[in-house]
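K.L.:
sequence-free structure coming up:
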């Protein structure tokens, strides 16, 4: 009996010790969670203030910060004008972005959407963990979105897939465990332009047709509303993880006089940055991420004529995605037979550009996955050339991932992916 009591006392003491350890561990984890949340709030406030610094750093007269349970409200008085923003502080625990994204690109055509099972099968045999899927690509409309019925009825009429078919395809991607990115062309949109000619860049009073499309001006708040409403819809209704805005810029290479409809007297770079602020503030409330595509030349450090300035965009978006396609640096110099060289130069420049902002977006880059050059495709982009591009990015500090740009039909695209499979089967983040 005495021995039994002794053993029981030992067991009780051990249980009490374990309970104390559990309590201490729980308390430590709770303290860490609070500390992490506070640090996140401080960073969010800092990032938000930095958004305005590029343009208004000398003019902020007063700053007020008000915290609620789920948000932080910031009010800044700039030149006696009140600027307000709300930051959602809810954790995206229900939407975790992969540390590095290896992504294939699919257009919204029925040709690709109807064969999503084959793409899933291929991706499962590689390290691919994400898909970029078109929602709007100028005049190519993937499905009749609800936002289209409000802002651009013409677009709905030209949808390539039914709502149910498209939603089913995206559900298959999500259910298979892939991170999904919805690509939307922000300011190159022929149908929106037809529905709202008054919101478009104009020449001689009429919408200006440039590079085979009509262009809503990036100064248009109505287009901002439309593209953000569409972004929220694909997050909430279709289950996308991220909204990617391509053509997040004014048109390039305009040689004639046009009316940009700049009713707010903003610079082009200012309008692009403010659009991204508007998009991130609203889409973040729905636990979605925002990415923006930029030309490869933005890594060179100047404000471009079409309004893209790397630091001003990187300090707003969650992800910045340059498009340094190896055959897009002019026809005079062969830049496509040496993909490692051109991508290394880009990566070094982009890495330096990231130092120009304290609120850095993740850099996830588009790579050339088609045969080059595009006007005379004589150089086959096989697995080796794909790997050269990806390794150049990672070797020079751009470890956010890659996306494959290729505009082939389903059969030719899948055939090309299979020819490049060895490159997609490697782990680059080591």
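P.N.:
Yep, it's here. Here the structure is a predicted model, which is why all the values come from computation and not from measurement.
K.L.:
next, residue 294: secondary structure please.
P.N.:
strand (DSSP: H, G, I helix; E, B strand; the rest coil).
K.L.:
that one: what's it in contact with?
P.N.:
Counting by Cβ atoms under 8 Å, 6 or more residues apart in numbering, residue 294 makes contact with 248-249, 308, 310, 313, 320-323. Yep, even glycine has a C-beta here, placed from its N, CA and C like the rest.
K.L.:
quick one: residue 304 and residue 310 touch, right?
P.N.:
No. Contact criterion Cβ atoms under 8 Å: residue 304 and residue 310 do not qualify, at 9.2 Å.
K.L.:
can you give me the helices in this structure?
P.N.:
Listed in chain order, the helices of the chain (DSSP state H) span 2-56, 110-113, 116-124, 146-151, 153-156, 163-175, 190-195, 221-236, 268-284, 310-314, 339-354, 383-395, 410-419, 421-424.
K.L.:
before we move on, the earlier item: dump the contacts of residue 294 into CSV; add pLDDT, neighbour count and distance to residue 336 as well.
P.N.:
Converted to CSV, the contacts of residue 294 look like this (pLDDT from 0 to 100; neighbours: other Cβ atoms under 10 Å; distance: Cβ to Cβ, whole Å):
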residue, pLDDT, neighbour count, distance to residue 336
248, 97, 28, 25
249, 97, 27, 24
308, 96, 26, 23
310, 95, 28, 23
313, 96, 24, 26
320, 97, 29, 23
321, 98, 28, 20
322, 97, 26, 17
323, 97, 19, 14
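K.L.:
need these in TSV with distance to residue 155, can you?
P.N.:
Below are those laid out as TSV (distance: Cβ to Cβ, whole Å):
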residue	distance to residue 155
248	18
249	20
308	25
310	31
313	26
320	27
321	24
322	28
323	24
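K.L.:
the residues you listed in strands, which ones?
P.N.:
Taking DSSP state E, the ones among the contacts of residue 294 that sit in strands are 320-323.
K.L.:
please identify which of the residues you listed is nearest to residue 106.
P.N.:
Each of those was scored against residue 106 by Cβ to Cβ, and residue 321 proved nearest at 15.9 Å.
K.L.:
quick revisit: intersection of neighbour lists for residue 304 and residue 310?
P.N.:
Common neighbours of residue 304 and residue 310 (Cβ under 8 Å, 6+ apart) are residue 298.
K.L.:
any idea how far residue 249 is from residue 306?
P.N.:
Separation of residue 249 from residue 306 (Cβ to Cβ, to the nearest Å) stands at 4 Å.
K.L.:
overlap of the contact sets of those two?
P.N.:
Common neighbours of residue 249 and residue 306 (criterion: Cβ under 8 Å, 6+ apart): residue 295.
K.L.:
ok, residue 271 - how many residues close by?
P.N.:
Neighbourhood size, residue 271 [other Cβ atoms under 10 Å]: 23.
K.L.:
cool, residue 125 as well?
P.N.:
Per other Cβ under 10 Å, the neighbour tally for residue 125 reads 11.
K.L.:
hmm, it is touching residue 421, no?
P.N.:
Yes. With contacts counted by Cβ under 8 Å, residue 125 reaches residue 421, the gap being 7.4 Å.
K.L.:
give me the buried positions along stretch 115-135.
P.N.:
115-116, 119-120, 122-123, 126, 128-135 (16 or more other Cβ atoms under 10 Å).
K.L.:
which one of the contacts of residue 294 is nearest residue 282?
P.N.:
Closest approach to residue 282 among the contacts of residue 294 (Cβ to Cβ): residue 248, at 15.4 Å.
K.L.:
tell me the contacts of the closest one?
P.N.:
In this structure, residue 248 makes contact with 186-187, 218, 272, 275-276, 292-294, 308, 313, judged by Cβ under 8 Å, 6+ apart.
K.L.:
can you list these in JSON lines and add distance to residue 427?
P.N.:
Listed next are these as JSON lines, based on distance: Cβ to Cβ, whole Å:
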{"residue": "186", "distance to residue 427": "33"}
{"residue": "187", "distance to residue 427": "36"}
{"residue": "218", "distance to residue 427": "38"}
{"residue": "272", "distance to residue 427": "35"}
{"residue": "275", "distance to residue 427": "36"}
{"residue": "276", "distance to residue 427": "31"}
{"residue": "292", "distance to residue 427": "27"}
{"residue": "293", "distance to residue 427": "25"}
{"residue": "294", "distance to residue 427": "27"}
{"residue": "308", "distance to residue 427": "32"}
{"residue": "313", "distance to residue 427": "29"}
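K.L.:
my guess is residue 191 contacts residue 145. True?
P.N.:
No. Taking contacts as Cβ under 8 Å, residue 191 lies outside contact range of residue 145: 11.7 Å.
K.L.:
coming back round to it: and the buried residues of stretch 115-135, which two are furthest apart?
P.N.:
Using Cβ to Cβ, the two most remote members of the buried residues of stretch 115-135 are 126 and 135, lying 24.7 Å apart.
K.L.:
what bits of the stretch 251-400 of the chain have low per-residue confidence?
P.N.:
Scanning the stretch 251-400 of the chain for pLDDT under 70 picks out nothing.
K.L.:
what's the burial count for the residue lying closest to residue 318 once chain neighbours are set aside?
P.N.:
Closest residue to residue 318 apart from its sequence neighbours, by Cβ to Cβ, 6 or more residues apart in numbering: residue 289 at 4.3 Å. Neighbourhood size, residue 289 [other Cβ under 10 Å]: 23.
K.L.:
quick one: residue 289 and residue 319, what's the gap?
P.N.:
Per Cβ to Cβ, residue 289 is found 7 Å from residue 319.
K.L.:
which neighbours do those two have in common?
P.N.:
Common contacts of residue 289 and residue 319, defined by Cβ under 8 Å, 6+ apart, comprise residue 242.
K.L.:
what are the bridge partners for the residue nearest to residue 318, then?
P.N.:
residue 242 (DSSP bridges).
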